[in-house]
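Enquirer: 3D, please:
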Amino acid sequence: MLNKRVLLIAPTLISEAPITLAMLSAVLKEEGFEVATAVNTFKKPMRIQDFVAAAKRFNASIVGINMLTFEVLFVYELIKGLKKNGIFVIVGGPHPTDCPQEVLNAGADVVIQGEGEEVLRKVVQAYPSMPRGIMNRERPIDPAELPYPDLEVFDKDLFMGDDGLVKGFHRIYTSRGCPGRCTFCDWQVFKQNIKFYPVPMVIDEIQSRVQRYGITSFSIADDCFTMNKPRVYEFCKQISKIKPKVIWRANSRANLVDADMLRAMRQAGCHLIAFGFESGDAETLKRVKKHVTVEQNIKAAWMAHAEGLQVYGCMMTGFPWETPKHVQSNIDFIHKTWEAVSLYQVSGSLMPFPGSEIYQEYAKEYGFEEYWLKPEHQKAGIQIYQNAINPLAVSTFYQRYFFDDTYIQEERFFRYSDAYKQKVREMAEEIGKHNLQFMFNGKPIKRELYIALSKLSMKVYDINPRLEMAIGGRLYHGGRSSVENLRDKRRGFVKDQKNVS
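Expert: Okay, here's the model as predicted:
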């Protein structure tokens, strides 16, 4: 009798339930498979032998791995460990989409490029006679044809917060894809095949999670929620009917909102909107193909603020063409939107993902081709300290509370002048002052203390970049609550709800 048991693995350390695995589990169960998950979490970090042991305990004949460009050498060793035990290994996700042959050469039986649900369905239907190779979808996925995510596949205790709510279950997708083709973004998984889930399907899923899990605050996980204006209004109309009332937040581009839309969103329970401003410099916006102007970014921030929404601003720097003048433009932008934006992103140093145009253009020139295969570049991600078991060992106080400029100061990928790095420091300080003002509203003494400690941290870093990390790393006792609270406050979510990771 055919063994129809699949273990789905998320090997990268995370703090919330990965909804992508729940989507795949639902498809597998439709095909008659039993499914379990093994997720690498801060509550229960897993080594290679732990994942292999989990597969053996479950008696899995198939293991599916969701792979990012993050600690790929760990994943390749994991694949070897699974194959030694005779397990059929399927690998999908952003990195296999960008580097499918590399993943196949590492030992995977099947590599899935792009959206995985329907391809995975075909693979398991053909199992065990499925030939080894690279697969991608033959036709665009219609979200209306997909089952609801299978949230019951997770060990909820791994993601349970102090309030009893399960972190990650608040994430809802209403669409796939993005209209942009920004050069710093790896948009190859969905490409520009924008697809929308039917609004009634989304509302039904939200209502279900309210009733089953007690969630009343949701994150719309779409790359850009506001792509279809009539659909935004229909969503707002329908979500307003959910009982008990829910609040939510969403992502957008500055050129795809107007005052009426933002007002409708706020009236329907939206409390925060995140904009990908990226830069306050006109040249940088043009070169990254953002197709948004500085003026549009400023206008969007103030419009959202005027309609009563918190604004989360995503800013980037570290582009190889930039000079101190470009960074000064960012600082000027921050000052022009100071009162409109609640929080600015603090992990905006450029990360050249393999599927991005930035990588293709500059990897050879700067010598970081296939950097993800080098031991010194393992764990490379845009949020350095948030991805570490011991955050104090990989970051300084100012990088956690002002701006994480590690890749720039250490020139991990690109080379920068001393003047440029100093100007980035100035930008970091302005972001920090702004964010701490919001985070410690009504607590001026605490705010000034954190600013002073961050400035001291900068001075220590200049003397010895590793000194504070060495001391902090030894003193760290493994608790992550302060780091998680810091992240939540920066997103502006703690004020309105608790079940956010």
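
Enquirer: Tell me where the protein has strands.
Expert: With strands called from DSSP state E, the chain shows them at 5-14, 34-41, 62-66, 88-92, 110-113, 133-136, 171-172, 175-176, 195-196, 217-220, 247-252, 270-278, 310-315, 343-344.

Enquirer: And the longest helix along the chain, what does it pack against?
Expert: Secondary structure of the chain per DSSP state H: the longest helix is helix 418-439. If contacts are counted by 3 or more CB pairs under 8 Å, 6 or more residues apart in numbering; DSSP states H and E, helix 418-439 sits against helix 324-336, strand 343-344, helix 397-401, helix 406-409, helix 444-463, helix 481-491. No exception for glycine: its C-beta is placed from N, CA and C like everyone else's.

Enquirer: That helix to helix 324-336, inter-axis angle?
Expert: Helix 418-439 runs at 10 degrees relative to helix 324-336, counting by axes from the mean of the first three to the mean of the last three CA atoms, to 10 degrees.

Enquirer: Would you mind extracting the C-alpha trace of helix 418-439 into PDB?
Expert: Extracted in PDB, the C-alpha atoms of helix 418-439 (Å, rounded to 0.1, in the frame of the first residue of the first chain):
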ATOM      1  CA  ASP A 418      33.500  56.900   4.500                       C
ATOM      2  CA  ALA A 419      31.500  60.100   3.800                       C
ATOM      3  CA  TYR A 420      28.600  58.000   2.600                       C
ATOM      4  CA  LYS A 421      28.700  55.700   5.600                       C
ATOM      5  CA  GLN A 422      28.700  58.700   7.900                       C
ATOM      6  CA  LYS A 423      25.700  60.200   6.200                       C
ATOM      7  CA  VAL A 424      23.900  56.800   6.600                       C
ATOM      8  CA  ARG A 425      24.600  57.100  10.300                       C
ATOM      9  CA  GLU A 426      23.000  60.500  10.300                       C
ATOM     10  CA  MET A 427      19.900  59.000   8.600                       C
ATOM     11  CA  ALA A 428      19.900  56.200  11.100                       C
ATOM     12  CA  GLU A 429      19.900  58.700  14.000                       C
ATOM     13  CA  GLU A 430      17.000  60.700  12.500                       C
ATOM     14  CA  ILE A 431      14.900  57.500  11.900                       C
ATOM     15  CA  GLY A 432      15.700  56.400  15.500                       C
ATOM     16  CA  LYS A 433      14.700  59.700  17.000                       C
ATOM     17  CA  HIS A 434      11.500  59.700  15.000                       C
ATOM     18  CA  ASN A 435      10.600  56.100  15.900                       C
ATOM     19  CA  LEU A 436      11.400  56.400  19.600                       C
ATOM     20  CA  GLN A 437       9.200  59.500  19.800                       C
ATOM     21  CA  PHE A 438       6.300  57.300  18.700                       C
ATOM     22  CA  MET A 439       7.300  54.200  20.600                       C
END
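
Enquirer: what about residue 27, neighbour count?
Expert: 20 (other CB atoms under 10 Å).

Enquirer: My read is that it contacts residue 146, right?
Expert: Yes. Assessed by CB atoms under 8 Å, residue 27 is found in contact with residue 146 at 7.4 Å.

Enquirer: Find residues that contact each of the two.
Expert: Shared contacts of residue 27 and residue 146 (CB atoms under 8 Å, 6 or more residues apart in numbering): residue 117.

Enquirer: Just the buried positions in the longest helix of the chain, please.
Expert: 420-421, 423-425, 427-436, 438-439 (16 or more other CB atoms under 10 Å).

Enquirer: what do you get for stretch 351-360?
Expert: Result for stretch 351-360 [16+ other CB under 10 Å]: buried residues 351-359.

Enquirer: now swap in stretch 57-73 and tell me
Expert: 58, 60-72.

Enquirer: Now do stretch 421-439: distance to the chain's middle.
Expert: Offset of stretch 421-439 from its chain centre (CA atoms, centre = their mean, to the nearest Å): 22 Å.

Enquirer: Ramachandran angles for residue 281?
Expert: Main-chain dihedrals, residue 281, degrees, to the nearest 10: phi -110, psi 130.

Enquirer: nearest residue to it other than its sequence neighbours?
Expert: residue 329 (3.6 Å; CB to CB, 6 or more residues apart in numbering).

Enquirer: is it true that the one you found touches residue 279?
Expert: Yes. With contact defined as CB under 8 Å, residue 329 reaches residue 279; the gap is 7.2 Å.

Enquirer: The closest residue to residue 473 other than its chain neighbours: neighbour count?
Expert: The shortest distance from residue 473 to any non-neighbouring residue, by CB to CB, 6+ apart, is to residue 393 (3.0 Å). Number of residues near residue 393 (other CB under 10 Å) recorded here: 18.

Enquirer: Also residue 221?
Expert: Residue 221 has 17 neighbouring residues, counting by other CB under 10 Å.

Enquirer: Could you do residue 327 as well?
Expert: Close neighbours of residue 327, defined as other CB under 10 Å, add up to 27.

Enquirer: need the contact list for it.
Expert: Counting by CB under 8 Å, 6+ apart, residue 327 has contacts 317, 420, 423-424, 426-427.

Enquirer: of all these, which comes closest to residue 108?
Expert: Each of these was scored against residue 108 by CB to CB, and residue 317 proved nearest at 35.9 Å.

Enquirer: What number of residues are in the vicinity of the closest one?
Expert: 25.

Enquirer: so what's it bridging to?
Expert: Bridge pairing for residue 317 (DSSP bridges) gives the partners residue 349.

Enquirer: check contacts around it.
Expert: Counting by CB under 8 Å, 6+ apart, residue 317 makes contact with 279, 326-327, 330, 348-350, 405, 408, 424, 427.
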